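Undergrad: coordinates for the following, if possible.
(2 chains)
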Protein chains: 2
Amino acid sequence: MDSFSGYFNTHKERFIEEWKEFLSFASISADPAYHHHCLACADWVSAHLKGLGFHSEVWPSDTKPLVYGVMPGDPARPTVLFYGHYDVQPVDPLELWESPPFEPELRDGRMYARGAQDNKGQVFFVLKAIECLKACGVSLPTIKVIIEGEEECESEALASNLHLWREALQADVLMVCDTGMIDHGMPTITMGLRGVVALEVRVFGPSIDLHSGIFGGVVLNPLHALSTIVAGMFNDDGSIAIPGFYDGVVEPTPLDIERATSAPLMVDEMRASLGVPFAGGERALHPSVRRGLRPTIEVNGIGGGYQGVGGKTVIPSYGAAKLSSRTVVGQNPAHVLECMKRYVRNTCPVGAHVEFIDEGVGGKAFKLSADTPVVHAAERAIREEFHRDPLYIWEGATVPIIPELAATSGAEPILVGFGLATDHIHSPNESFSLRQLEDGFRYAAAFLATI
Amino acid sequence: MDSFSGYFNTHKERFIEEWKEFLSFASISADPAYHHHCLACADWVSAHLKGLGFHSEVWPSDTKPLVYGVMPGDPARPTVLFYGHYDVQPVDPLELWESPPFEPELRDGRMYARGAQDNKGQVFFVLKAIECLKACGVSLPTIKVIIEGEEECESEALASNLHLWREALQADVLMVCDTGMIDHGMPTITMGLRGVVALEVRVFGPSIDLHSGIFGGVVLNPLHALSTIVAGMFNDDGSIAIPGFYDGVVEPTPLDIERATSAPLMVDEMRASLGVPFAGGERALHPSVRRGLRPTIEVNGIGGGYQGVGGKTVIPSYGAAKLSSRTVVGQNPAHVLECMKRYVRNTCPVGAHVEFIDEGVGGKAFKLSADTPVVHAAERAIREEFHRDPLYIWEGATVPIIPELAATSGAEPILVGFGLATDHIHSPNESFSLRQLEDGFRYAAAFLATI
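TA: Have a look, this model is predicted:
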């Protein structure tokens, strides 16, 4: 067999044309006006899978259809379930696009289109890697593919029907290419994602807004109470002061910390672009540890009383804060939520009372162990193909469907993606370079060959 | 001379007709559409003063005219400057009025009209008391009258021209009847008003809202900073924690405290109507002391980040709190403002920065001493006419023009008003009972006779 790069370059022109076909579907899941584009895109994916030798079906749902495929392989090897999504983000503001978002255009080695990276580009290089391995006669494990159409809007069809598809989705490895890498030529294994818990706290005081002169110093101000509740959630060192919040937190291993802190995080560049230092959270820890391996609470919004122009001297009747917590492995999200609520109830002073709304567990955390066969397979693939050690990151964000899919399928996730901040996903002029596409292709081929 | 009550009852029917004339002017100062009603009302007041024997002029201004009058009296006695206002609050919601607000109607012994109490009713009983004293041949001091037309909208013409009118306003006693009493038949001396200082604090963090997963635990959340700043302004006992805030505060005397706490404040009734206990401010002190004799800080409004329906997991770029402080005598309002700003600057954590807007000193505090001739004169008038000791309250609210007028005129204020919560000033169906009118008339006559 030629090198994977050789195959890629030999077939590059065809790859570009097929990729453009995939990108030309306006498969925006959030907007019902684009529903028929989603249906057509699912059909295209399914047809493409069949072309690669998969048995494939389009699974209808009440919302967007899912594309499923299976191609039996060596039963002695771990079954791989590849997860991706064909839906894309809306395109507004349209006027900022330099070329129409669904008329893919290759400029200076980058493909510009909505979905060029997220996630059509990263799905496409995996499909092409499978094509390559088959064409070259490389032995393959059994490969299953599930490509959903609602990743950008909470994976409704997949999440709500997982139990029905448990059998079809059974696998050993859950391969995902929907993340980023540290920089060009630095393939990166995403070793974990945080979970998320949400809670809105409403603090009520007097039945109506009161005159702050007549009642000031007599009636408790609910915005004072709300501020005290929020401020009291944090210790001076930036850690969380809520009793029980850290219960069960799995401390990062020395190896995790060493890996997280040694990967260049473009810290200085990020700092400069944000205009602020990295002064949040547990300041004694490295930023990469804080954002990936430690739980947080953020105030997403706060409001109450008079917020218009000028002043109004009232004691408001009411205030509210929207809170969310990013959880890590070992925390029980329901317990985190309960601790937050208990803390708020216990902290709310006499003269005010609290109510909770919009509470919920939005997604679980997961974290890979350093020493597992699937991580070793990804490391092996990267070393063989790129002649360097992989980098490791722990992401602070949450992708709820991955731990759910892992739990249902029984498969261990492995997240290696080739996105970069410069791809501008979710923004105008999204793009993905041919170099990123080729690197992803080389990784996917090497991983599927080695697993 | 007959008793004051005797005179009142003899002339009651005419008083009612004159009072109705005064109330029928729609002298709403806030709405330019009613400007000509304000002009007509000022003319009426001036003509009425002339009818009582005053030299009177209508002083034009860029906004609403003022009515001035002077009636020379015994030069050996203190000159009295009576301050009141002919303007009234808007009347909306009009549909809730049981009779039209500018068609005064006497029902069950109460006059229903906008301004029936605030302040036309209380101005009217003073004018009628002067009439009575003159008719009965009682010796009078020199009496000056200033009736403005913008009390309900910041006294612009009066406040901005005080220096021009210094000579005309020179007096020894500033008589004001624009306050309330504890209950029917319980004449009450308002011994003080608080001042007010305002400040909006804006806390800025990252240049744009950030993803709370990617940046949570790394970038400081400005709403966390804002909550910490606000919460830190208060000690656990409800007192203010800002260094320097209490500088110069004149501690209430034991007599002030004894008087403030012995007046029935309808505390239980107020508690019940508000639905909350009196749990704000310095809880160790009596509510009447807290609201009248101690300074406070209130959060009038707070806002930042996402406040819409549901959740949005962002670290907001910005948050703001509108603050106001009620000051007491001895505090320098400019110093209070500076202490608040210094505290905020010193408390704002690394990773955020603060800006201030809408800062200002809205009105000074004043407080009467228990042992002054003017207070003794009011006490004497009340004891003689009502055969009981006066009650004393220290109001928490602010009337900026009174300390300014006192300073310019050189007169010592004496505030005795006959309003009750049931008069519904500023609300639909404002009213003032004939009993309150008569009690005010009796007090004003006795006070002017004795001063």
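Undergrad: for chain B, what are the nearby residues on the stretch 351-451 of chain A?
TA: Along the stretch 351-451 of chain A, the residues adjacent to chain B under the rule C-beta under 8 Å from any C-beta of the partner chain are A:351-352, A:358, A:395-398. Backbone N, C-alpha and C define where each C-beta goes, glycine included.
Undergrad: top of these by neighbour count?
TA: By neighbour count, taken as other C-beta atoms under 10 Å in any protein chain shown, the most surrounded of those turns out to be A:G396 (27 neighbours).
Undergrad: show me the contacts for that residue.
TA: When contacts are counted by C-beta atoms under 8 Å, 6 or more residues apart in numbering or on different chains, A:G396 touches A:194, A:291-292, A:296, A:326, B:213-218.
Undergrad: okay, and which of those residues map to strands?
TA: Using DSSP state E, the subset of the contacts of A:G396 located in strands is A:296, A:326.
Undergrad: hmm, which of the contacts of A:G396 are the buried ones?
TA: Among those, those classed as buried by neighbour count (16 or more other C-beta atoms under 10 Å in any protein chain shown) are A:194, A:291-292, A:296, A:326, B:213-218.
Undergrad: what's the residue closest to the geometric middle of chain A?
TA: Among the residues of chain A, the smallest C-alpha distance to the mean C-alpha position (C-alpha atoms, centre = their mean) belongs to A:V399, namely 3.9 Å.
Undergrad: what sits closest to it if chain neighbours are left out?
TA: A:L193 (5.6 Å; C-beta to C-beta, 6 or more residues apart in numbering or on different chains).
Undergrad: could I get the contacting residues of the one you found?
TA: A:365-366, A:394-395, A:397-399, A:402-403, A:415.
Undergrad: now the residues you listed as TSV including pLDDT and secondary structure?
TA: Converted to TSV, these look like this (pLDDT from 0 to 100; DSSP: H, G, I helix; E, B strand; the rest coil):
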residue	pLDDT	secondary structure
A:A365	94	coil
A:F366	91	strand
A:W394	92	strand
A:E395	88	coil
A:A397	86	coil
A:T398	87	coil
A:V399	85	coil
A:I402	94	helix
A:P403	93	helix
A:L415	97	strand
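Undergrad: who's the residue nearest to A:V399 bridged to?
TA: With DSSP bridges applied, A:L193 shows beta-bridge pairing to A:F366.
Undergrad: quick one: it from A:P413, how far?
TA: Here A:L193 is placed at a distance of 9 Å from A:P413 (C-beta to C-beta, to the nearest Å).
Undergrad: are there residues contacting both of those two? Which ones?
TA: Going by C-beta under 8 Å, 6+ apart, residues that sit against A:L193 and also against A:P413 are A:366, A:402-403.
Undergrad: does A:D118 touch A:E430 like I think?
TA: Yes. A:D118 lies in contact with A:E430 (C-beta atoms under 8 Å); the separation is 6.9 Å.
Undergrad: shared neighbours, those two?
TA: Taking C-beta under 8 Å, 6+ apart as the contact rule, the neighbours common to A:D118 and A:E430 are A:D423.
Undergrad: related to what we said a few turns ago, between the residues of the stretch 351-451 of chain A next to chain B, which is nearest B:D439?
TA: Distance to B:D439 across those (C-beta to C-beta) is lowest for A:G351, with 35.5 Å.
Undergrad: identify the residues contacting the nearest residue in space to A:E98 that is not next to it in sequence.
TA: For A:E98, ignoring the flanking residues on the chain, the nearest one in space by C-beta to C-beta, 6+ apart is A:N429 at 5.7 Å. For A:N429, the contacting residues are A:96-98, A:112, taking C-beta under 8 Å, 6+ apart as the criterion.
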